[in-house]
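K.L.:
The following block contains a protein sequence and its predicted model.
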Amino acid sequence: MTATDVSGARDATFVAGMRRRLVRMRRDLTNESTAEGRELATPASERGEDTTPSQHPADVASELEAREFVLTRRLIVARELQDVEEALVRIEMGTYGVCVDCGGPIAAERLEARPQAARDVECLRRARLGQKGR
């Protein structure tokens, strides 16, 4: 079953629009990841931070927290980028808009809100509940 077979909402115009959005998302996420990578690669001394042993422990903690935030954000961006790439592959394969779990249609409204969605709402809920039980 292809995306265009599932619903009239998934006609070529709809899919082309989603593809454009996904390409923009990929570009934006790649740029964000690159910027975060540069920030992480820059030594603290080059960022103007005090790296002497006399630095106050609260300052050290603040810097570590900020770095942890950037690392966490980078992991989130990497996962989002992977989801976008997978959605673009589904477009090329003709399966965009088809739930990867049940094979049913993903609502056009869901795809509008989250173009990289791979599951319909019900399958997503089941997948999340299954993960909590582990």
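P.N.:
Received, thanks.
K.L.:
can we go C-alpha only for contacts and neighbour counts from here?
P.N.:
Noted.
K.L.:
State the three-state secondary structure for the residue nearest the centre of the chain.
P.N.:
Nearest to the geometric centre of the chain sits residue 80, at 1.1 Å (C-alpha atoms, centre = their mean). At residue 80 the chain is in helix, as set by DSSP: H, G, I helix; E, B strand; the rest coil.
K.L.:
Disregarding residues adjacent in the polypeptide, which is nearest to it?
P.N.:
Residue nearest to residue 80 in three dimensions, not counting chain neighbours: residue 29, with 7.7 Å by C-alpha to C-alpha, 6 or more residues apart in numbering.
K.L.:
mind checking how far that neighbour is from residue 115?
P.N.:
Distance of residue 29 to residue 115, given as C-alpha to C-alpha, to the nearest Å: 14 Å.
K.L.:
before we move on, what about residue 18?
P.N.:
In terms of C-alpha to C-alpha, residue 18 sits 6 Å off from residue 115.
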